[in-house]
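Asks: sequence and predicted model, in that order:
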Amino acid sequence: MKKEIQKKGQTPAPETTEADEHLTPFVPTYKNLLVTMGAILAVLIVVFFVGNIILKPYMVKVDMRITPWLDNSKAKTSILGI
């Protein structure tokens, strides 16, 4: 190990041991990021659909007078009325 010259006002670097030299820090890559984000997205999608199925009996049915855009019985017309 080389001795480094210490500059004025600089704290000395801690001494490394033989055990420290075998440890390499984990450096994430874009592949790790994509796999992690994909797993999170997949879990969220599954939780959404499972929750939707489980909570279906408790959902409130909205009256069509309140939400006329959801009424499928009326004929679809364009904005211009043509």
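Replies: Happy to help now that I have it. Residues are numbered from 1 along each chain as shown.
Asks: and the top helix by length along the chain, how far out from the chain's middle?
Replies: Ranked by number of residues, the top helix in the chain under DSSP state H is helix 30-54. Relative to the centre of its chain, helix 30-54 is centred 8 Å away, using CA atoms, centre = their mean, to the nearest Å.
Asks: count the neighbours of residue 13 for me.
Replies: Neighbour count for residue 13, taken as other CB atoms under 10 Å: 8. Where C-beta positions appear, they are placed from N, C-alpha and C, glycine not excepted.
Asks: one more: residue 17?
Replies: 8.
Asks: quick one: low-confidence parts of the chain?
Replies: 1-7, 16, 18-21, 74-82 (pLDDT under 70).
Asks: any idea how far residue 52 is from residue 60?
Replies: From residue 60 across to residue 52, the span is 14 Å (CB to CB, to the nearest Å).
Asks: next one: residue 44
Replies: Relative to residue 52, and taking CB to CB, residue 44 is found at 12 Å.
Asks: can you check residue 27 too?
Replies: On the measure of CB to CB, residue 27 and residue 52 end up 39 Å apart.
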